[in-house]
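J.: coords below, sequence missing:
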């Protein structure tokens, strides 16, 4: 019997030998998903997830579909999902949700007895037949190891934490799959796709520091340095910056309006990120008008590195960009897909909806929240009816995903659980002993 190669993607107008072979795609996505999941100690889970996500493409029907788009039965998410559940037990259920949803989105009831998997178990058999009938070096993955560093919420690993982990792994897979596919077609067309940051956190910090020191010298020259407000701003900046070496965790920045929170917060965030080798700073702001203002301040302070600031909100106006920034517009638009930028300025709606979304496009960016500093500007504006889930998500990011949270406002909301003051305590909120105020005398 003639053994035929299997393919992950066809290429219109190109001979079959230019198509992407399925084993190559599975292995590449496995490596890239594992790399992303390394940030929260789940590289092994990520590798298995990437290896299995398109296992259903081994089906003869899918291979025929690549040659003839009218062929039915092209679905390919179920086979890897069933394999994971049957082979990897509890961890398989975590993996299964991400595989099943990597095109259509996360599904409730996926593992119910009368759910989708129970009706489509033959999909795995078809894929296995194609797998064993094809000449390839792809080896089905072995049992992944347990997450390495997770801290339970209370006595046990809670359902909320499981759902959060699923969504994070889902994010890693979706981003890796789409970028690997993008990379294949870019190579095929001999074109270059520019993604990622050009500057380092240390580089951004150096530029910001130079700009702020220059601004301080200019105020001194003009005799403005000793004005009461400027004296207090300088005092606040010095105090806050001195805390950058503190361990990662939850911080409050309680400074009155006009106290310089915008640049002081960025200065602390970049210093803290540099100290702890974090990847980016994400600034969450409730109002689009304030976002544009804040991003403008950042760009002015960062000068030639202004292009490292990514605005992601519905009112973003590319016409307002400077010429040199507009030249990198395509890169900015790509960065909006997964927040692969050093400084991201976004809305609270975009931020929190993404954290609880089931859609691939919204969840794709979530893994880039890991190992970052997240500043919540005007933290008191989090909607009251959504306060508990929002706080739980922030706590989980700080607990298990290497994130430092900064609650920045002149009027701190009561988000802290206080044993000594029940009237001001938020049950399930941040633990008072683990929250650090950056301004010594609010």
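T.: Happy to help now that I have it. Only a predicted model underlies this, so the values are computations on that prediction, with no experimental measurement involved.

J.: which residue packs closest to residue 126, ignoring adjacent ones?
T.: residue 59 (4.6 Å; Cβ to Cβ, 6 or more residues apart in numbering). Where C-beta positions appear, they are placed from N, C-alpha and C, glycine not excepted.

J.: got it, and residue 137?
T.: Nearest residue to residue 137, sequence neighbours excluded (Cβ to Cβ, 6+ apart): residue 23, at 6.1 Å.

J.: show me the contacts for residue 8.
T.: Listed by Cβ atoms under 8 Å, 6 or more residues apart in numbering, the contact set of residue 8 reads 20-22, 24-26, 54, 57.

J.: can you confirm it is in a strand?
T.: Yes: under DSSP: H, G, I helix; E, B strand; the rest coil, residue 8 sits within a strand.

J.: quick one on the thing from earlier: just the ones of the contacts of residue 8 in helices?
T.: Counting by DSSP state H, the part of the contacts of residue 8 found in helices is 22, 24-26.

J.: Can you tell me which of these is nearest residue 297?
T.: Using Cβ to Cβ, residue 25 comes nearest to residue 297 of the ones in helices among the contacts of residue 8, at 43.3 Å.

J.: My guess is that closest one contacts residue 19. True?
T.: No: applying Cβ atoms under 8 Å as the test, residue 25 and residue 19 come out as separate, 10.3 Å apart.

J.: before we move on, the earlier item: the residue nearest to residue 126: how many residues sit nearby?
T.: Residue 59 has 26 neighbours, counted by other Cβ atoms under 10 Å.

J.: Residue 247 too?
T.: When neighbours are defined as other Cβ under 10 Å, residue 247 has 10 of them.

J.: so it, which of the three states?
T.: coil.

J.: Could you pull out the helices in the stretch 201-350 of the chain for me?
T.: 201-221, 228-241, 261-276, 288-302, 323-326, 329-338, 348-355 (DSSP state H, counting those that start in this stretch).

J.: where does the stretch 1-150 of the chain dip in pLDDT?
T.: For the stretch 1-150 of the chain, applying pLDDT under 70 flags the ranges 1-3, 113-121, 136.

J.: how does it look with 50?
T.: Regions of the stretch 1-150 of the chain meeting the criterion pLDDT under 50 cover residues 1-2.

J.: between residue 25 and residue 19, which one's more packed in?
T.: Higher neighbour count among residue 25 and residue 19: residue 25, with 23 against 19, using other Cβ under 10 Å.

J.: separation between that one and residue 415?
T.: 44 Å (Cβ to Cβ, to the nearest Å).

J.: same check, this time on residue 71
T.: Residue 71 is 55 Å from residue 415, by Cβ to Cβ.

J.: more crowded one of the two?
T.: Neighbour totals were compared for residue 71 and residue 415, and residue 415 leads with 23 against 14 (other Cβ under 10 Å).

J.: Next, the contact list for that one, please.
T.: Applying Cβ under 8 Å, 6+ apart to residue 415 gives the contacts 379, 387, 391, 407, 426, 429-430.

J.: and if you look at residue 193?
T.: By Cβ under 8 Å, 6+ apart, the residues touching residue 193 are 182-183, 186, 334.

J.: Can you list which of these are found in strands?
T.: Judged by DSSP state E, strands contain none of these.

J.: which of those residues has the most neighbours?
T.: When neighbours are counted by other Cβ under 10 Å, residue 334 leads the contacts of residue 193 with 18 neighbours.

J.: Could you find the closest non-adjacent residue to it?
T.: The nearest residue in space to residue 334 (Cβ to Cβ, 6+ apart) is residue 195, at 5.5 Å.

J.: For burial, what's the neighbour tally of the one you found?
T.: For residue 195, using other Cβ under 10 Å, the count is 14.

J.: ok, back up a step: closest to residue 270 among the contacts of residue 193?
T.: residue 334 (23.2 Å).

J.: quick one: the residue nearest to residue 126 and residue 7, what's the gap?
T.: Going from residue 59 to residue 7 by Cβ to Cβ gives 12 Å.

J.: Of the contacts of residue 415, just the buried ones, PyMOL syntax please.
T.: To isolate in PyMOL the members of those that are buried, counting by 16 or more other Cβ atoms under 10 Å, one can use:
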select buried, resi 379+387+391+407+429+430
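
J.: Among the contacts of residue 415, which ones are in helices?
T.: Those of the contacts of residue 415 lying in helices (DSSP H): 387, 391.

J.: I'd like the contacts of residue 8 as a markdown table, with distance to residue 434 appended.
T.: As requested, the contacts of residue 8 are exported to a markdown table (distance: Cβ to Cβ, whole Å):
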| residue | distance to residue 434 |
| --- | --- |
| 20 | 47 |
| 21 | 50 |
| 22 | 47 |
| 24 | 46 |
| 25 | 43 |
| 26 | 41 |
| 54 | 42 |
| 57 | 46 |
